[in-house]
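**Q** here's my sequence, what's the structure:
(one chain, ligands or ions: 1)
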Amino acid sequence: MAFELPKLAYAYDALEPTIDAKTMEIHHTKHHQAYVDNLNNAIAGTDLEGKSLEEIQKTGTDKAAVRNNGGGHYNHSLFWELLTPGGSKEPVGNVKAEIEKIGGFETFKEDFSNAAKTRFGSGWAWLVKNTDGSVTVTSTPNQDNPLMPVADVQGTPILGLDVWEHAYYLNYQNRRPDYVSAFFDVINWDKVEELYNK
Ligand code: MN3
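**A** I've put the predicted structure just below:
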């Protein structure tokens, strides 16, 4: 069964003013759809066909088309779920406790924002869960993610921010820092906690 574009749990205009409806619609129906289609084409007839999306990140990304489009599908599928209208303002539960251990929420916000702002060109900022349960802030270029063997910091992504220009340019133009700080208004921290506890 080929991969499909996931439906969003909210309307395209639900995240305004942080993310405008036009950006959401193009991002979901054009950019994400293209990653899905190109991933399906890249794995058709190969031993990756039928593997889970997570498994593909871990084992299939030595091929450029799978790395770029498999990463694109995984990253965006996660990203949509991490957003919610109104956001939930602060981390909860185990994630809150782990963020306390790396300096607390304000320090985390600064570190995560710096990772997002200083990622040159296109890429993603991440909070990952390590195998010992601790959490680390990192970033990756392009559509790479911390599940891929090629990533500088390996781990399970529990929060991610798309810092490609297509994610913010209509509303923020070149002001990536404004987009990054607004992101904190729409984070679904309950989802982050759910991913941590998986
Ligand atoms: Mn994107």
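**Q** so who does the closest residue to the ion within the chain touch?
**A** For the chain and the ion, the shortest gap (Cβ to the ion) falls at Asp162, measuring 4.2 Å. Yep, even glycine has a C-beta here, placed from its N, CA and C like the rest. Taking Cβ atoms under 8 Å, 6 or more residues apart in numbering, we find Asp162 in contact with His27, Asn75, His76, Phe79, Trp124.
**Q** surely Trp126 is within a strand?
**A** Yes - with DSSP: H, G, I helix; E, B strand; the rest coil as the criterion, Trp126 is part of a strand.
**Q** point out the residues in this structure that sit beside the ion.
**A** Residues of the chain lying close to the ion (Cβ under 5 Å from the ion) are Asp162, Trp164, Ala167.
**Q** which of the residues you listed fall in strands?
**A** Within those, residues falling in strands by DSSP state E are Asp162.
**Q** so what pairs up with the residue of the chain closest to the ion in the strands?
**A** With beta bridges defined as DSSP bridges, Asp162 has these partners: Trp124.
**Q** show the pLDDT at it.
**A** Listed pLDDT for Asp162 reads 98.
**Q** from Gly71, how far off is Gly60?
**A** Gly60 sits 10 Å away from Gly71, taking Cβ to Cβ, to the nearest Å as the criterion.
**Q** one more: Thr118?
**A** Look at Thr118 and Gly71: by Cβ to Cβ, they are 20 Å apart.
**Q** between the two, who's got more neighbours?
**A** More neighbours surround Gly71 than the other of Thr118 and Gly71, with 26 against 11 (other Cβ atoms under 10 Å).
**Q** what about the longest helix belonging to the chain, average pLDDT?
**A** The residue-count maximum for a helix in the chain (DSSP state H) belongs to helix 64-81. Average pLDDT, helix 64-81: 98.
**Q** same question for stretch 40-50.
**A** On average, the pLDDT along stretch 40-50 is 96.
**Q** what about it, start to end distance?
**A** End-to-end distance of stretch 40-50 (Cα to Cα, to the nearest Å): 10 Å.
**Q** off-centre distance for that stretch?
**A** What separates the centre of stretch 40-50 from the centre of its chain is 23 Å, taken as Cα atoms, centre = their mean, to the nearest Å.
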